[in-house]
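S.K.: I would like the atomic coordinates for the input below:
(one chain, ligands or ions: 1)
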Amino acid sequence: YPEGFAWQVNMDRKFLRQCEALKEFHQFLIQETETGNISRQEAVSMIPPLCLDVQPHHKVLDMCAAPGSKTAQLIEMLHSDDSIVIPSGVVVANDSDNKRCYLMVHQVKRLESPCFTVINHDATLLPNMVTSAAQPKEILKYDRVLADVPCSGDGTMRKNPDCWFKWNPIGACHLHNLQARILRRGLEVLEVGGRLVYSTCSLNPIEDEAVLAEVLTETAGGCCLLFKEVVSLSR
Ligand SMILES: C[S@@+](CC[C@H](N)C(=O)[O-])C[C@H]1O[C@@H](n2cnc3c(N)ncnc32)[C@H](O)[C@@H]1O
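M.R.: Prediction:
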C-alpha cells in the first residue's frame, strides 16, 4: 500500500473481540476508527481505488459508494499531499439506497474532509451536474470514476458460504444489464483522458469480462482497457 499506510491483522473480528490478551488493542482500534485515524477494510477491497491513481486536483465520482469504505480511501488520496491544506478536487459519492447513504455519511464524516459530498440517485440515470452556477451550460465531467457495481458477490464465497447455497446460473444474467448501464453512464460523465475503474466481488465472467466487452464494443475505440485484473484475495 502507498507509503506503507496499511497493516494486516491475521485474525477475524470475533477472535479480536473475545481474546482477553487483545482487549487493549481492540479498544485502540475502536477509538482510532471513531476519530477517523484508521479505517478497517478487507485487503482485496482496497485495490480498485488504488488503480484510480487519484490526485489532489481530481474530480472523483464514486457511483455505487455505500457503505463508503472505498470512498474513504478516495478522500484520503485527495488529501495525500501534506503541503495542500484544502485540495481543489472533490469526491462525489453516490448510492441509490437512501438508508445506505446515511451509513456512508456516518462512515465518511469521521475524516472531516471539506472535499466530499453524498448524492442519492440511480447510477444508471445519474443527472448531469454543472461546474458552477455562473456557467450553467458547462457540464461537470469527472477525472476519475469508480463503478463498484452491485453484483452477485460469488467471489466472497469462501468467507460467505451462504452465497454458495443461494447461487444460481440466472442471477448473473439479471445483474449484467444493470452493471453495463452503470458502466455506460460512468463513461458518459468521464472527462476525456480520464480513468474509470469497474469492479465487482464476483468471479463470474457475465458480470465482469462480458460487461466490459459489451461496453467497449459499443464505444468503438472511444475508450481503451488499461489493465484487466481479476483478483481473488478473500478468505
Ligand atoms: C458492492 S456495493 C458498494 C460497496 C462500496 N463501494 C464500498 O466499498 O463500501 C454496491 C452498492 O451499489 C448500490 N446500488 C445498487 N443499485 C444501484 C444503482 N442502480 N445505482 C447506484 N447504486 C446502486 C447498492 O445500494 C450498494 O450499496
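S.K.: what comes into contact with the lengthiest helix in the chain?
M.R.: Criterion DSSP state H: the longest helix present in the chain is helix 171-188. Identification of contacts with helix 171-188 by CB atoms under 8 Å, 6 or more residues apart in numbering yields 61, 63-64, 123-126, 145, 147, 149-152, 154, 196, 198, 200, 202, 204, 206-207, 210-212, 214-215, 218-219, 222-223. Just so you know, the C-beta spots here come from the backbone N, C-alpha and C atoms, and that holds for glycine as well.
S.K.: Take those residues and keep only those in helices.
M.R.: The helices, defined by DSSP H, take in 210-212, 214-215, 218-219 from those.
S.K.: Which ChimeraX command selects the buried ones in those?
M.R.: Only the buried entries of the ones in helices among the contacts of helix 171-188 go into this ChimeraX selection, using 16 or more other CB atoms under 10 Å:
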select :210,211,212,214,215
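S.K.: For the chain, what lies in contact range of the ligand?
M.R.: Contact residues (CB under 6 Å from any ligand atom) of the chain with the ligand: 45, 64-70, 95-97, 100, 122-124, 148, 150.
S.K.: Report the buried members of the residues you listed.
M.R.: Using 16+ other CB under 10 Å, the buried members of those are 45, 64-70, 95-96, 100, 123-124, 148, 150.
S.K.: can you list contacts of stretch 21-35?
M.R.: Under the criterion CB under 8 Å, 6+ apart, residues 15-17, 19, 38-40, 110 lie in contact with stretch 21-35.
S.K.: how much space between Val215 and Gly222?
M.R.: 10 Å (CB to CB, to the nearest Å).
S.K.: Check what pLDDT Asn98 gets.
M.R.: pLDDT recorded at Asn98 is 98.
S.K.: What strands line up against the longest strand anywhere in the chain, and which way round?
M.R.: Using DSSP state E to define each element, the chain has its longest strand at strand 190-199. Counting by DSSP bridges, the strands paired with strand 190-199 are strand 142-148 (parallel).
S.K.: Grab the CA positions of the strand it pairs with and hand them over as CSV.
M.R.: Taking C-alpha atoms only, strand 142-148 is exported to CSV below (Å, rounded to 0.1, in the frame of the first residue of the first chain):
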residue,chain,number,x,y,z
TYR,A,142,-15.1,13.6,-13.7
ASP,A,143,-11.3,12.9,-13.9
ARG,A,144,-11.8,9.6,-12.1
VAL,A,145,-14.9,7.4,-11.8
LEU,A,146,-15.3,4.3,-9.6
ALA,A,147,-18.0,1.9,-10.7
ASP,A,148,-18.0,-0.7,-7.8
